[in-house]
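Enquirer: Give me a 3D structure for the following:
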Amino acid sequence: MPATGGEPLDDASLFQRVLGQGWVQLHPALQRFHGLRGRHVLHGEVRTEPATHGVARLIGWLMRLPRTAQTGALQFVLDAQPLQERWSRHFPHTTMASTMALREPGIVERFGPVTFHFTLAADGDRLAFRYDRLRVLGLPWPRAWAPAIAAREHGEGDRLHFDVEARLPWIGRVVRYAGWLAVPPAGEAPTA
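Expert: Numbering: from 1, shown residues only. Below is the predicted model of the structure:
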């Protein structure tokens, strides 16, 4: 069965599989990033805004989220396989790692015992991660305590720009980080 970009579905990346027809709408920098295979080390810049409440700071500490307000260099290590990707974000003072995997009709992102379910949507040439639900230690998180997560990407030239914020009811911001990554040219070999 063919995927949208003319590639067989077996050769499609995780994000191509999930986005289907929306894939062709994405900015070329987003297509190149989300089409990478193997291990890549990317560089960019990030601005972080930490939690605003004591409970949110504890959650941030448990999930290894950025805990201070800073602007600095970002190193992003991607290990991309067709059905799963590992993202390691090396912020100025902490490393946050997660695993993305296919879970029809979207993706799941795992941070240790916490699993977020997202639907992906192309919004013009931009990409939005729409939060669906959350599980902690495999158990459903109560809807009344559901986080508000805004995660968006857009491209400019050879850069992928991102903006991610997570808030909890009654507690406020858990984390926000925004910035950019330089995306390698199409066909560049994975790094060791």
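Enquirer: Please count neighbours and contacts with C-alpha atoms only from this point.
Expert: OK.
Enquirer: what sits up against the worst-scoring helix or strand of the chain on mean pLDDT?
Expert: Within the chain, no helix or strand scores below helix 54-62, which has a mean of 79 by mean pLDDT, DSSP states H and E. For helix 54-62, contacts defined as CA atoms under 8 Å, 6 or more residues apart in numbering pick out 50, 51, 66, 67, 168, 171, 172, 173, 174, 175.
Enquirer: can you tell me which residues contact the third one?
Expert: By that I understand residue 66. 48, 49, 50, 60, 91, 93, 94, 95, 96, 175.
Enquirer: and the third one, how many neighbours?
Expert: Other residues within reach of residue 50 by the criterion other CA atoms under 10 Å amount to 19.
Enquirer: Just read off the phi/psi values of the closest residue to residue 71 other than its chain neighbours.
Expert: Nearest residue to residue 71 in three dimensions, chain neighbours excluded: residue 47, at 4.2 Å (CA to CA, 6 or more residues apart in numbering). Main-chain torsions, residue 47, degrees, to the nearest 10: phi -120, psi 130.
Enquirer: Residue 68 versus residue 47, what's the distance?
Expert: Residue 47 is 10 Å from residue 68, where distance means CA to CA, to the nearest Å.
Enquirer: now swap in residue 35 and tell me
Expert: 32 Å.
Enquirer: for residue 144, same thing?
Expert: Distance of residue 144 to residue 68, computed by CA to CA: 28 Å.
Enquirer: For stretch 141-152, which residues meet the burial criterion?
Expert: Neighbour counts over stretch 141-152 (16 or more other CA atoms under 10 Å) mark 141, 147, 148, 149, 151, 152 as buried.
Enquirer: rewinding a little: narrow the contacts of helix 54-62 to those in strands?
Expert: The strands, defined by DSSP state E, take in 168, 172, 173, 174, 175 from these.
Enquirer: List the residues that contact the closest residue to residue 52 other than its chain neighbours.
Expert: Leaving aside its chain neighbours, residue 52 sits nearest to residue 173 (5.6 Å; criterion: CA to CA, 6+ apart). Residue 173 is in contact with 50, 51, 52, 53, 56, 165, 166, 167, counting by CA under 8 Å, 6+ apart.
Enquirer: Tell me which residues of stretch 56-68 come out buried.
Expert: 56, 57, 60, 63, 65, 66, 67, 68.
Enquirer: want to try JSON lines for those, with distance to residue 160 as columns?
Expert: Output for these, formatted as JSON lines (distance: CA to CA, whole Å):
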{"residue": "56", "distance to residue 160": "28"}
{"residue": "57", "distance to residue 160": "28"}
{"residue": "60", "distance to residue 160": "25"}
{"residue": "63", "distance to residue 160": "24"}
{"residue": "65", "distance to residue 160": "21"}
{"residue": "66", "distance to residue 160": "20"}
{"residue": "67", "distance to residue 160": "23"}
{"residue": "68", "distance to residue 160": "23"}
